[in-house]
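*Asks:* Please find the sequence and the predicted model below.
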2 protein chains.
Amino acid sequence: MRDARVTLSHGGGGKAMRELIETVFTSVFQPDTMEDQARLMNSALQEPGARLAFTTDSFVVDPVEFPGGDIGKIAVCGTVNDLAVGGAKPLWLSAAFIIEEGTEIALLQRIVASMAAEAEKAGVRIVTGDTKVVGRGSADKVFVTTSGVGVIPPGRRLSADQAQVGDMVLVNGMLGDHGAAILAARGDMALSTEVQSDCAGLGHLMEAVLAAAPNTRAARDATRGGVASVLNEIAEAAGTSIQIQETALPLRAEVKGMCEILGLDPLYLANEGTLVLIVPADEAEAALAAMRALPEGKGAVAIGKICEGPRGRVTMQTLFGGQRIVDMLVGEQLPRIC
Amino acid sequence: MRDARVTLSHGGGGKAMRELIETVFTSVFQPDTMEDQARLMNSALQEPGARLAFTTDSFVVDPVEFPGGDIGKIAVCGTVNDLAVGGAKPLWLSAAFIIEEGTEIALLQRIVASMAAEAEKAGVRIVTGDTKVVGRGSADKVFVTTSGVGVIPPGRRLSADQAQVGDMVLVNGMLGDHGAAILAARGDMALSTEVQSDCAGLGHLMEAVLAAAPNTRAARDATRGGVASVLNEIAEAAGTSIQIQETALPLRAEVKGMCEILGLDPLYLANEGTLVLIVPADEAEAALAAMRALPEGKGAVAIGKICEGPRGRVTMQTLFGGQRIVDMLVGEQLPRIC
């Protein structure tokens, strides 16, 4: 690549665009064809009763590189996780880039390398993509939109409305690391911390949970809006209440400290590798053990349970034995967190 | 919706985001579930030999509304067309929105209505989506990324490397209308014109062509980079030359005039509903007749043929009987055309 920075001509559909695409993107992602369309088959899709899962997410995280990841890693993990928590085996990803004129080619190359590495870990292939360039000031460096296609095996059904009174609420580890890492990385707060984003693909973890706890009712990854928002959605869909224990919440001392200083609630901090599971009580131990056997689940714990009560109400028993309502996030806690 | 404009809290993952998504997006697109993931099945996918087609495109067109369309229509048509020209029947779309703080909710609603209308025409469903909000000045109003999934029936194979010497090059109608319409809509040139974007879904047209001319070798929609870029790609993939006739190019007088005034070449102007087909000579008449029977193909004509000669060379016989080389676009003609 002769240019060090992206120019508008890299988005024009001609020679410069072809050079950018070939040098930066397709040489790394290695799609099967240079057609605009990927053509795919997987025998799992042809099993009677199998369903196709399809999901999309745009990523606009600021800064684009942060402790524990970058916008490329988060884009691949986020889409893999959306597929996995619905019970699908992630297979194929698309990646569309909106690039601000002037962005360093070297930055794009780091992002792409990070996407390729994460895709390989997750066992998915990035099979098709697109590149657009906008003038300086019309976007902020680079936005990435990934879509994913996977296969849900016959008979597998995960959905929040299946949660039943008595089920346990499990998480795979520390909460709020991503939000805390981004907050610190922005530098606005002069916070010095070692916290890294928890950004990780959860596909293998989900498969392990479903093998150990086949009656798992529902799973979510708690991203924007944090664990609190996910619990509210589940309680709403299931028509039940949820009760969690403050003492059970897995929080790093640094994240706790940052929240205390800034008046933030860690339940609303974003995560990028945090699984929230609803599991029948008699399978909860098996699910926890299966998670703890994998690196991304080594901090797995139960944090609460589904209980009777008004539809959609989430309450937390506090450190001091009191009760407080954990509502949906109102407004926003931190823009451009993912 | 109480707010007239999008605020950062509409991207925060909480109540405001849910209100935006429900009021503006899901009430119109009506996905089957509010899960992050669409779960889909179509019997065509289970036919032995069927393949899945998967494609993605980001849209950053400026202005977002223009004569003949808007960013939503172009996003749906563009993705439908990418699927269709590869021989796939388009089935499902995802739609991801990156919205600048301060964007009018009413604008979003017009874009969404336009997407829903175009999806219905094309016979596809918008089944999943995402919304992100960035601060004012970090994006320009709204960017839309659509991905599409379709099914390629068993035995169907369209690809540029199948083009053979003697095949005809067909187009479905007027060239350059989209580029000309956007150029005029920007207002920089003080051009007054009635030209509308040709933005249209080409799925039904492709099916009609493939029924009438089953040995069609390849199809492309000529978007960024125009017909010239598509012809260069085909000649390169097929290892042949292509010759076109200037007198055969279907051009509106207004587009021709605009190109003459501004020194633009209509072969490089973008289109959003222009099909370029490579068809064996003995099926060309049938393909043309099939196209002319549909509104989006009523201007169908042959513009050239595949011929022997250096790999990747595209030449045009000019009005005056001379020959000139039609190269890939170098640099860019018009940024943010789609």
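*Replies:* Received it, and whenever you're ready, just let me know what you need.

*Asks:* For residue A:96, what is the enclosing helix or strand?
*Replies:* Counting by DSSP states H and E, the element that carries residue A:96 is strand A:89-100.

*Asks:* What average pLDDT does that strand get?
*Replies:* Mean pLDDT, strand A:89-100: 98.

*Asks:* same question, stretch A:243-258
*Replies:* 96.

*Asks:* in it, what's buried?
*Replies:* The neighbour-count check on stretch A:243-258 (16 or more other CB atoms under 10 Å in any protein chain shown) flags A:243, A:244, A:245, A:246, A:249, A:250, A:251, A:252, A:254, A:255, A:258 as buried. For every residue, glycine as well, the C-beta is placed using N, CA and C.

*Asks:* quick revisit: buried stuff in the helix or strand following the strand holding residue A:96?
*Replies:* Tracing the chain past strand A:89-100, the next element assigned as helix or strand by DSSP H and E is helix A:105-122. By neighbour count with 16+ other CB under 10 Å, helix A:105-122 contains the buried residues A:105, A:107-112, A:114-116, A:118-119, A:121-122.

*Asks:* Tabulate the CA atom coordinates of the helix or strand bottoming out on mean pLDDT in chain A in PDB.
*Replies:* Every helix and strand of chain A was ranked by mean pLDDT, DSSP states H and E. The lowest is helix A:15-20, at a mean of 90. Coordinates of each C-alpha in helix A:15-20 appear next as PDB, following Å, rounded to 0.1, in the frame of the first residue of the first chain:
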ATOM      1  CA  LYS A  15      -8.500   1.300  -8.700                       C
ATOM      2  CA  ALA A  16      -7.600   2.900  -5.400                       C
ATOM      3  CA  MET A  17     -10.600   1.200  -3.700                       C
ATOM      4  CA  ARG A  18      -9.500  -2.200  -5.200                       C
ATOM      5  CA  GLU A  19      -6.000  -1.700  -3.800                       C
ATOM      6  CA  LEU A  20      -7.300  -0.800  -0.300                       C
END
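
*Asks:* Residues in contact with it: which ones?
*Replies:* A:1, A:6-7, A:9-11, A:105, A:131, B:224-225, B:328-332 (CB atoms under 8 Å, 6 or more residues apart in numbering or on different chains).

*Asks:* which stretch of helix or strand covers the residue most central in space within chain A?
*Replies:* Nearest to the mean C-alpha position of chain A, by CA atoms, centre = their mean, lies residue A:78 at 3.3 Å. Using DSSP H and E, residue A:78 falls within helix A:71-85.

*Asks:* could you say what helices and strands that helix packs with?
*Replies:* strand A:51-59, strand A:89-100, helix A:105-122, strand A:142-152, helix A:203-212, strand A:218-221 (3 or more CB pairs under 8 Å, 6 or more residues apart in numbering or on different chains; DSSP states H and E).

*Asks:* what ranges do the strands span in the stretch 151-300 of chain A?
*Replies:* Ranges of strands in the stretch 151-300 of chain A, per DSSP state E, counting those that start in this stretch, are A:168-171, A:218-221, A:241-245, A:275-279.

*Asks:* could I get these as JSON lines with distance to residue B:217?
*Replies:* Shown next, in JSON lines, are these (distance: least, CB to CB, whole Å):
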{"stretch": "strand A:168-171", "distance to residue B:217": "54"}
{"stretch": "strand A:218-221", "distance to residue B:217": "44"}
{"stretch": "strand A:241-245", "distance to residue B:217": "59"}
{"stretch": "strand A:275-279", "distance to residue B:217": "48"}
